[in-house]
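Asks: sequence first, predicted coordinates after that:
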Amino acid sequence: MTQQMLRSLASALAVGASLIATQGLAKSDITIAMQLEPPHLDPTSAAAQAIDSVVYTNIFEGLTRFKGDGSVVPGLAESWEISDDGKEYTFRLHDGVTFHDGSVMDAEDVKFSLDRALGEDSANAQKALFAGIESVEIVDPLTVKVTLSEPNGNFLFNMAWGDAVIVSPDSIDDIKTNPVGTGAFTFGEWVQGDSITLNRNPDYWGDQPALESATFKFISDPTAAFAAMMAEDIDAFDNFPAPENLPQFEADPRFQVLVGSTEGETILSTNNKQPPFDDIRVREAVAHAIDRQAIIDGAMFGYGTPIGTHFAPHNPAYVDLTGNSAYDPEKAKTLLAEAGFADGFETTLHLPPPSYARRGGEIVAAQLADVGINAEIINVEWAQWLESVFKGKDFGLTIVSHTEPMDIGIYARPDYYFQYDSLDFQAVMDTLNSTTDPEERAKLLGEAQRLIAEDYVNGYLFQLAKLGVAKAGVQGLWKNAPTAAIDLTEISWSE
Amino acid sequence: MSRNLILGAALSSLVLLAALISFIWTPYDYAAMNIPDKLQPPSAQHWFGTDHFGRDMFSMIMVGARTSIAVALVAVGIGMALGVPLGLTAAARKGSWLDELIMRGNDLVFAFPSLVIAILITAVFGAGAINAIIAIGIFNIPVFARITRGAALSLWEREFILAARVAGKGATRISAEHILPNVANLLIVQGTIQFSLGILAEAGLSYVGLGAQPPTPSWGRMLADAQTMVSFAPHLALIPGGAIIVTVLGLNLLGDGLRDFLDPRIRVARA
């Protein structure tokens, strides 16, 4: 009791002190919470989204970059020219850009970074982004020429990914713990298990950001997240883990809620090589057994957009194929009977920790049980999921959100964990990769979406919503998440 | 009969009854989701309201009682089945290397906090009701071994045991025919207490996700699921929490009452 009183007294004092401190002076630091702690801080050697959340555009920059609305704009490259055959990209770099260690960023660093991602021993998690690069040439210190083996309409988009940022050759050895980039913020301190602090880079080549420093705090537990937000210990939560609490934040004038979209296609991933899922009728039955709206309402409290294929609904090329796998348990039963499973069958449903998976999984299991499929729920931690499901391919079903932008290309990789092997689809993706005409590309993307929907590769559930919560005075947060990032450069406090 | 005994027996049998009835009848299918009806407060239709999937809480509590009781009962059974013979053996061979081995082994298990052992076991062998039972059962063994040995040791000094020895009975027969019946009261009382601890342990394990897996309802997991919703749907946490309290309180009162009732010395003193 006394401890509680002391604590509230202390926080009252702190509030008083901060009131005095902020009088006439806008706040210049921010504490933003995120659910997962990054394993390390090198975005060019791991797929973990949490790395990009911390470092993307804050510490590291690429030739191009994403804006909050998903558009690709110039980054370290001031401008570029594309040759008529679409194979040569000549990038003109910004002058006077330095790394945080003081060294100058020039064409050599760009060549080094791209060659490193391309190399035989490259640890890059998205090697496909660089696959079409034939050579990288230094024209002069501020000009780089990238030659592609085939025209690639996505190249500028690819270069905006966090995996394609420009790194300094001197810093590579300890990039994981001491990232040195060109961004508006320098790496400050990492308190393992708690937080990472970034400080403003006074030598930044672009506009100075409004914030002097920013702290990323790691809060994985939804209950703790709610308490920390309500107690105003944190200024914002990047993607709030408990959608059920959002109405309370909306009703509270101290907070603002930013509901946007992510690139996360949440799918019931199906092991296409494991019987009985190697039978398309079984996969189709699963698709018809699922009631998407019930999952969105039950697991996400209504936040999320139903999808019928592996594509983001806010993308102009999206084709609504939800009708193709409409909720129809009777049809599912018929299909199962045709496939020889009139009495259903047993399988496993591996669920990683996020609530979309754990809660969504309970609903999916119940819906599958209605048509006779007995899916045993196995709750796993992320490390276990990566080991046994993603790498080991030892699963029947799993629920996961694929959060990379424009990642329909994973279906062209037969060794990817859900093991979809279709020559038709691979051919469409090949054509797509060498097509630059936007209209033609949209058509091909539509074709690709249709192919995987009609092959019922996976159960397509919903597009994950981005549920940002922040104090009312915070401005400039991304509402949508075109890529995993917490862009600090545009954040400021009102007043 | 003390008030404790009556109240404890009443509460315990209430829970037991709910668990037994759930085999043949629950108001709704405990696993049936009805998402449009989620998070309803208690009403005439749903006596305990509905959870975040629109499942009927009353049905879930009934079936959850079954899970709790089954896990705790089997776990106490394991503890008794292994602990009592170990305790009897140790007492019969008092001071021998066997006695030392058994009792130091017990100390080893005792040295770890019980829930930590349980978490260890379920983490290694996977989460699930069976592993939860084994985990809780293992830390019940030393409890019964110790209490049996302690009580048996004093009995071994008594004249009727001496008489049995003179009559030529071996240590095993004496343990089974004379010692065991005389420590039975004690074991029943301890069993009741351990049973309530088992219910708590099961709730704790399933709270951290290591107990019975969904869709099997479990009070501990219901509590865990309710965590983020307490502020706007308090019944989600209060009801399973209340169920745990009622059960544990009931069993503790029952254990206390039974001790008073069964212990001859107290009975004599009271008379």
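Replies: Yep, that arrived. Numbering: from 1, shown residues only, chains lettered A, B, ... in the order given.

Asks: and the pLDDT at the residue in the stretch 151-271 of chain B positioned nearest to chain A?
Replies: Among the residues of the stretch 151-271 of chain B, B:Thr228 lies closest to chain A, at 4.2 Å counting by Cβ to the nearest Cβ. Every C-beta, even on glycine, is put in place using the N, C-alpha and C of the backbone. Model confidence at B:Thr228, expressed as pLDDT, equals 88.

Asks: again with A:Leu25
Replies: So, for A:Leu25, pLDDT stands at 57.

Asks: what's the closest non-adjacent residue to the residue of the stretch 151-271 of chain B closest to chain A?
Replies: Excluding the flanking residues, the one nearest B:Thr228 by Cβ to Cβ, 6 or more residues apart in numbering or on different chains is A:Ala242, at 4.2 Å.

Asks: my read: A:Pro316 touches A:Arg441, true?
Replies: No - no contact is recorded between A:Pro316 and A:Arg441 when judged using Cβ atoms under 8 Å, the distance being 10.3 Å.

Asks: so for these two, which sits in the more crowded spot?
Replies: Remark: of A:Pro316 and A:Arg441, A:Arg441 carries more neighbours, 17 against 7, as counted by other Cβ atoms under 10 Å in any protein chain shown.

Asks: residues contacting that one?
Replies: Taking Cβ atoms under 8 Å, 6 or more residues apart in numbering or on different chains, we find A:Arg441 in contact with A:Gly153, A:Ala317, A:Leu432, A:Thr435.

Asks: ok so, going back, can you count the residues close to the residue nearest to B:Thr228?
Replies: A count of nearby residues for A:Ala242, using other Cβ under 10 Å, gives 21.

Asks: angles on the backbone of it, please.
Replies: When quoted as degrees, to the nearest 10, the phi and psi of A:Ala242 stand at phi -120, psi 90.

Asks: mind listing what it touches?
Replies: Taking Cβ under 8 Å, 6+ apart as the criterion, A:Ala242 is in contact with A:Pro222, A:Thr223, A:Ala225, A:Phe226, A:Ser355, B:Thr228.

Asks: most widely separated two among the residues you listed?
Replies: Distance extremes for those: the farthest pair is A:Phe226 and A:Ser355 at 12.5 Å, using Cβ to Cβ.

Asks: more neighbours: those two, which one.
Replies: The residue with more neighbours, out of A:Phe226 and A:Ser355 and counting by other Cβ under 10 Å, is A:Phe226; that gives 25 against 18.

Asks: get me the contact residues on the stretch 101-250 of chain B for chain A.
Replies: With the criterion set to Cβ under 8 Å from any Cβ of the partner chain, the stretch 101-250 of chain B comes near chain A through B:Ala127, B:Gly209, B:Gln213, B:Pro214, B:Pro215, B:Gln227, B:Thr228, B:Met229, B:Ser231, B:Phe232.

Asks: check contacts around the fourth one.
Replies: B:Pro214 is in contact with A:Glu362, A:Ala365, A:Ile377, B:Arg221, counting by Cβ under 8 Å, 6+ apart.

Asks: distance of the second one relative to A:Asp238?
Replies: Here A:Ala365 is placed at a distance of 29 Å from A:Asp238 (Cβ to Cβ, to the nearest Å).

Asks: out of these two, which sits in the busier spot?
Replies: Legend: neighbour count by other Cβ under 10 Å for A:Ala365 and A:Asp238, higher for A:Asp238 (23 against 20).

Asks: my read: that one touches A:Ile32, true?
Replies: Yes - because the distance of 6.0 Å satisfies Cβ under 8 Å, A:Asp238 is recorded as touching A:Ile32.

Asks: joint contacts of these two?
Replies: With the criterion set as Cβ under 8 Å, 6+ apart, the overlap between the contacts of A:Asp238 and A:Ile32 is A:Ile486.

Asks: as a whole number, average confidence for stretch B:135-148?
Replies: Averaging pLDDT residue by residue across stretch B:135-148 gives 91.

Asks: I should have written stretch A:457-469 there, sorry.
Replies: When the per-residue pLDDT values of stretch A:457-469 are averaged, the result is 95.
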